[in-house]
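# got a structure for you, letters missing:
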DNA sequence: TTGAAAGCGCTAACAT
DNA sequence: ATGTTAGCGCTTTCAA
């Protein structure tokens, strides 16, 4: 184990100078800086991160807490967080809560002491719990808004409107909404926008686990509403719905139109390709890290970023059947 | 910031006793232990991880380096690593290399000083580079084997054999192989098994990025070989191949059979559902953490775990067309 | 610009 | 079982 003292000794300078040569090169004479750099290379010196962290109070770690890494939407956000963090010189501690709010709370507590800031992705906790978390350290929310806290969200309202206008233009007069987790903020957002819809009848099919199997289960409920179109909380659900519908002998979009949310890549793997509201997941992850840096700097106490979303029309939506 | 000294003072004990009360409760009298626990609760004490790490040399962090978080196979492995690590009381630093071997090398170097061990998932580096990494700290490989290093892999050979037997039984006499990244160890393994095939003619369609688009591009090449079946390096590729084939007016499995590798969930979202070799991805992640613990303990220097795989027959494979 | 010195908060001998 | 003590390796005042 070669330490900074070894480097300093080899370079014939003090430990302090060696430290400075590495962290603030301009505050050291070129000659000594060079000697230090050479010594570092010679000895293959690797700074001890724990010691740096302890002495400086900075560990260059961000934490990311999300409900499910295997969910492509969250994976995409995680990827964005990665990129952003790396760009800013941070490493990312990832915690997967398996959609469990209790585990979420616990993991936040575990993580918080070892990171400089936390990104909570689609947290399932209550607002109050989230506020508690934010009291213990810098926090940025993704896909959720809580008063006074920094967050990156998506304009779900606009997404719902775009989807509804699209369906209305195709002649649909009724749409069933297959909801996501009851505790989901973005699901609530979507319901809000749905409630505003005046020119189309909306039937709520209730909450579902935001997974393919949930969609399979929801399909029959949605169909029973007599709606000619089905809007889903996310693509996984929409994929499940489509599959079950086809299994029941219905044709998409001839008999019923299906629209999802997220635009995960699997949306284009299926036949017919899924019409969906595209959400800039990866970008959200990147923005979240930038925001987190700002929150730490006190520059963006409670900035709420709302990213635009876009309806991507593919083949799963078509004219309403002539009744 | 409340420190252990504060807790000790509040509990009327020394810092050492407070420390012990928390890390080795049995080495402290029940009375004092209780007082310490109360003080911790009262003051809301959170240990400083950096200080613990510096003093003890253990930071309770594992590192996970993988090519692409957005790839469902790697996400599944990451999820397993998460679970395993958490079970063992470790947090996980994740680094996404974006399939870039250079980035991979750099990230390993960055990460290594801040973790107690590294899990390298499908590394794209050369064997020698990997050995270098292993010289700087405990390392476990996933989906790759290097002499003398601990690893968790899948029995690709058996997977290929199972797929080939299946196709052979269906009357296929020729199969095209759509390969993965040229630098991929598991791709090489599959090619090895393919070379052993005696009762079926194998055409190699060359390496491809292991993504849906790669499959779309590969489909025409595969078809041009005149094979009646196509085996793909992974499901993403198989999905892309299937899609392109359908677009060209071919029917699966009537005209051509398609078999993938991995059994990602999207394999069941599509029509026809994909016949594929199921790989215990999440389990591999868990096993990797266990192995890493053992490697650290010196208990499993170079254990090489090879997990069994299973052909899952669905609807994308069928009898060879009558020529 | 440089070095000496004082910790950061904790753990781990060691002595009791 | 408990307290005392001495660091872990680094950063960062403070003086020079």
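Ah, there it is. From a predicted model like this one, the values you see are computed outputs, not experimental measurements. Numbers count the residues shown, from 1 in each chain, chains lettered A, B, ... in the order given.
# And whichever residue of the stretch 51-200 of chain A sits closest to DNA strand C, which helix or strand is it part of?
When scored by C-beta to the nearest atom of the strand, the stretch 51-200 of chain A has residue A:55 as its residue closest to DNA strand C, at 3.5 Å. The C-beta positions use only the backbone N, C-alpha and C, and glycine is treated the same way. Assigned by DSSP states H and E, residue A:55 belongs to helix A:49-56.
# counting contacts, what elements does that helix pack onto?
Contacts of helix A:49-56 with other secondary structure elements, assessed using 3 or more C-beta pairs under 8 Å, 6 or more residues apart in numbering or on different chains; DSSP states H and E, are made with helix B:49-56.
# Give me the contact list for the next helix or strand after the helix it packs on.
Tracing the chain past helix B:49-56, the next element assigned as helix or strand by DSSP H and E is strand B:61-66. With contact meaning C-beta atoms under 8 Å, 6 or more residues apart in numbering or on different chains, strand B:61-66 is reached by A:93, A:114, B:74, B:77-78, B:81, B:85, B:90-97, B:104, B:107-108, B:111-112, B:114-123, B:289, B:292.
# still on that earlier bit, so how far is residue A:156 from the residue of the stretch 51-200 of chain A closest to DNA strand C?
45 Å (C-beta to C-beta, to the nearest Å).
# What is the end-to-end distance of stretch A:142-158?
Separation of the first and last residues of stretch A:142-158 by C-alpha to C-alpha, to the nearest Å is 17 Å.
# what's around the residue of the stretch 51-200 of chain A closest to DNA strand C, how many residues?
Residues lying near residue A:55 (other C-beta atoms under 10 Å in any protein chain shown) number 12.
# Let's verify whatever residue of the stretch 201-323 of chain A ends up closest to DNA strand C: helix, strand, or coil?
The stretch 201-323 of chain A approaches DNA strand C most closely through residue A:296 (17.5 Å), counting by C-beta to the nearest atom of the strand. State at residue A:296, reduced to three classes by DSSP: H, G, I helix; E, B strand; the rest coil: helix.
# Next, count neighbours for it.
Using other C-beta under 10 Å, residue A:296 has 16 other residues around it.
# Look at it and report its pLDDT.
The predicted structure scores residue A:296 at 88 on the pLDDT scale.
# again with residue A:164
97.
# Who are the contact partners of residue A:218?
Applying C-beta under 8 Å, 6+ apart, we find residue A:218 in contact with A:178, A:205, A:208, A:232, A:237, A:240-241.
# Enumerate the residues of the stretch 1-150 of chain A near chain B.
With C-beta under 8 Å from any C-beta of the partner chain as the criterion, the stretch 1-150 of chain A comes near chain B at residues A:46-51, A:53-54, A:59, A:61, A:68-70, A:72, A:75-76, A:78-79, A:82-83, A:86, A:91-96, A:110-114, A:136.
# Emit the PyMOL select command for whichever of these are buried.
The buried subset of the residues of the stretch 1-150 of chain A next to chain B, as determined by 16 or more other C-beta atoms under 10 Å in any protein chain shown, is captured in PyMOL by this line:
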select buried, chain A and resi 47+48+49+50+53+54+59+61+68+69+70+72+75+76+78+79+82+83+86+91+92+93+94+95+96+110+111+112+113+114
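# Now intersect the residues of the stretch 1-150 of chain A next to chain B with the strands, please.
Under the assignment DSSP state E, those contribute A:61, A:91-96 to strands.
# I'd like the residues you listed written out as JSON lines, with pLDDT added.
Formatted as JSON lines, the entries for those read as follows, by pLDDT from 0 to 100:
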{"residue": "A:61", "pLDDT": "94"}
{"residue": "A:91", "pLDDT": "94"}
{"residue": "A:92", "pLDDT": "96"}
{"residue": "A:93", "pLDDT": "96"}
{"residue": "A:94", "pLDDT": "97"}
{"residue": "A:95", "pLDDT": "97"}
{"residue": "A:96", "pLDDT": "97"}
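# so residue A:17 touches residue A:36, yeah?
Yes. Shown here, residue A:17 and residue A:36 form a contact pair, counting by C-beta atoms under 8 Å, at 7.2 Å.
# Lovely, talk soon.
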